[in-house]
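The sequence and its predicted three-dimensional model are supplied below.
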Amino acid sequence: MKLVKLMSIALAATSLGSVATVAAPTMNAQAKAKMTLKTIPKQFRGTWYHYEKKSGYDYVKLSATKRTERITIMGLTNKRTVTMHQFDLNKGNKIGKNPHKWMYAYKQGKAYVMSEWGTHASDRENYVTTTRKYKGQTVKVIKATYPMINSQVIYSPSKAMAKQLWNLDNK
């Protein structure tokens with residue numbers, strides 16, 4: 001009888017102790033920092049062209065830390081250069097000098113979001129690499145999605161390819 005009481009007390013004490021350690025961990029949990037990228041991914045770097053019959057050629061030049069683009073939207077041509085800045089997405093970033101010339105990038109699913117500082121979350125541009133057929137060969141192109149104007153654009157590595165792919169898509 002004494003043995004049964006001793007065993008039940010020991011069992012209760014050990015199970016109560018293990019429940020207490022599981023229920024109240026000693027380490028404080030912290031949210032994992034989600035940082036933007038330091039550089040633009042290598043698969044996107046280079047000069048990429050897009051052709052429209054009405055407006056001609058647009059381009060996006062992507063280096064490790066800068067994006068220069070000439071884009072025509074609804075008849076208005078805009079040329080600008082923005083520079084990459086890294087920050088913690090959970091905390092945001094302090095507004096510094098010339099934030100309108102800043103950009104950031106992060107991965108979201110299979111796509112990369114590359115957008116200017118201050119862009120509303122629903123208007124951020126998404127970029128993904130994909131392939132297209134050009135003169136019988138498979139070539140890498142960039143598909144950019146611009147939610148603000150509800151548009152997708154295919155960027156090609158050469159002007160000739162951009163024009164040919166536009167002609168194929170708009171027959």
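Happy to help now that I have it.

For this structure, just list every one of the helices.
Listed from the start of the chain, the chain has helices (DSSP state H) covering 2-23, 159-169.

Least confident of these, on average?
For the helices of the chain, the bottom mean pLDDT is recorded on helix 2-23, which sits at a mean of 46.

helices and strands of this protein: which one bottoms out on pLDDT?
Ranking every helix and strand in the chain by mean pLDDT, DSSP states H and E puts helix 2-23 at the bottom, with a mean of 46.

Over stretch 130-143, what's the mean pLDDT, rounded is fine.
Confidence for stretch 130-143, expressed as mean pLDDT, is 93.

what residues does it touch?
Around stretch 130-143, the neighbours that count as contacts under CB atoms under 8 Å, 6 or more residues apart in numbering are 43-44, 48, 60, 127-129, 152-157, 161, 164-165. (Glycine included, C-beta is placed from N, CA and C.)

If we use 7 Å, what do you get?
With CB atoms under 7 Å, 6 or more residues apart in numbering as the test, stretch 130-143 has contacts from 44, 48, 127, 128, 129, 152, 154, 155, 156, 161, 164, 165.

ok, now which ones touch residue 155?
Counted by CB under 7 Å, 6+ apart, residue 155 has contacts 48, 49, 50, 60, 141, 142, 144.

how does it look with 8 Å?
Each residue near residue 155 by CB under 8 Å, 6+ apart is listed here: 48, 49, 50, 59, 60, 141, 142, 143, 144, 162.

quick one: low-confidence parts of the protein?
Low-confidence segments of the chain, defined by pLDDT under 70: 1-33, 92-99, 171.

Can I have the buried ones of the contacts of residue 155 as a PyMOL selection?
Selection of the buried residues among the contacts of residue 155 in PyMOL, burial being defined by 16 or more other CB atoms under 10 Å:
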select buried, resi 48+49+50+59+60+141+142+144+162
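
Which member of the contacts of residue 155 is positioned nearest residue 77?
Minimum distance to residue 77 across the contacts of residue 155 is 11.5 Å, recorded for residue 59 (CB to CB).

wait, the closest one sits on residue 67?
No - contact between residue 59 and residue 67 fails when scored by CB atoms under 8 Å: they sit 10.8 Å apart.

mind listing the strands for this protein?
Using DSSP state E, the strands found in the chain span residues 46-52, 56-62, 66-73, 76-84, 102-108, 111-116, 126-134, 137-146, 151-155.

got TSV for those strands, with distance to residue 34 too?
Formatted as TSV, the entries for the strands of the chain read as follows, by distance: least, CB to CB, whole Å:
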stretch	distance to residue 34
strand 46-52	27
strand 56-62	22
strand 66-73	21
strand 76-84	16
strand 102-108	7
strand 111-116	12
strand 126-134	17
strand 137-146	21
strand 151-155	26
